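1. got a sequence here, can you model it:
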Amino acid sequence: MELLLPDGWAPPIGYTNGIAVDSGRIVFVAGQVGWDAQQCFQSDALAAQFEQALKNVLAVLAAAGGEARHICRMTAYCCDKPAYVGARRELGAIWRKHMGNHYPAMSMIFVADLLDSPGKIELEATAVLPR
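-> I've put the predicted structure just below:
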């Protein structure tokens, strides 16, 4: 896995501009919301839902034999931009707890709503597992 940073660009904070992978097993993780294994939300708080959604992504990836370090791309969909901006420090701590210093290519998209209520954030990921 090669992290891509064009010459002259400032390093991004909290993500990677691009990742190149030569080969491996590709795993696509569907959007995961902040509910538990029985599809019940345990919290309405954005940070708690983010942590659970991230755990869910990692659980699906683990079912394929993967780890956090294999994630190449992640997309986040969030319903509440002010809450997200206000929680960035807490979300960063949650990220480092589960992902360490691994930052894939990422996109953050703010949306009007999610299908599963009272979901506030949804995460999807693409990973490449080494052969």
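
2. where do the helices of this structure begin and end?
-> 46-63, 81-86, 88-99 (DSSP state H).

3. closest one to residue 120 among those helices?
-> Closest approach to residue 120 among those is made by helix 46-63 (4.9 Å; CB to CB). Backbone N, C-alpha and C define where each C-beta goes, glycine included.

4. tilt between the closest one and helix 88-99?
-> Counting by axes from the mean of the first three to the mean of the last three CA atoms, to 10 degrees, helix 46-63 points 20 degrees away from the direction of helix 88-99.

5. okay, helix 46-63 in PDB with CA atoms only?
-> Taking C-alpha atoms only, helix 46-63 is exported to PDB below (Å, rounded to 0.1, in the frame of the first residue of the first chain):
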ATOM      1  CA  LEU A  46     -23.000  11.500  17.400                       C
ATOM      2  CA  ALA A  47     -19.700  10.400  18.900                       C
ATOM      3  CA  ALA A  48     -21.200   7.200  20.300                       C
ATOM      4  CA  GLN A  49     -22.800   6.400  17.000                       C
ATOM      5  CA  PHE A  50     -19.500   7.100  15.200                       C
ATOM      6  CA  GLU A  51     -17.600   4.800  17.400                       C
ATOM      7  CA  GLN A  52     -20.200   2.000  17.000                       C
ATOM      8  CA  ALA A  53     -20.300   2.500  13.200                       C
ATOM      9  CA  LEU A  54     -16.500   2.300  13.100                       C
ATOM     10  CA  LYS A  55     -16.600  -0.900  15.200                       C
ATOM     11  CA  ASN A  56     -19.200  -2.300  12.800                       C
ATOM     12  CA  VAL A  57     -17.000  -1.500   9.800                       C
ATOM     13  CA  LEU A  58     -14.000  -3.300  11.500                       C
ATOM     14  CA  ALA A  59     -16.200  -6.300  12.400                       C
ATOM     15  CA  VAL A  60     -17.300  -6.800   8.800                       C
ATOM     16  CA  LEU A  61     -13.700  -6.400   7.700                       C
ATOM     17  CA  ALA A  62     -12.500  -8.900  10.300                       C
ATOM     18  CA  ALA A  63     -15.100 -11.400   8.900                       C
END
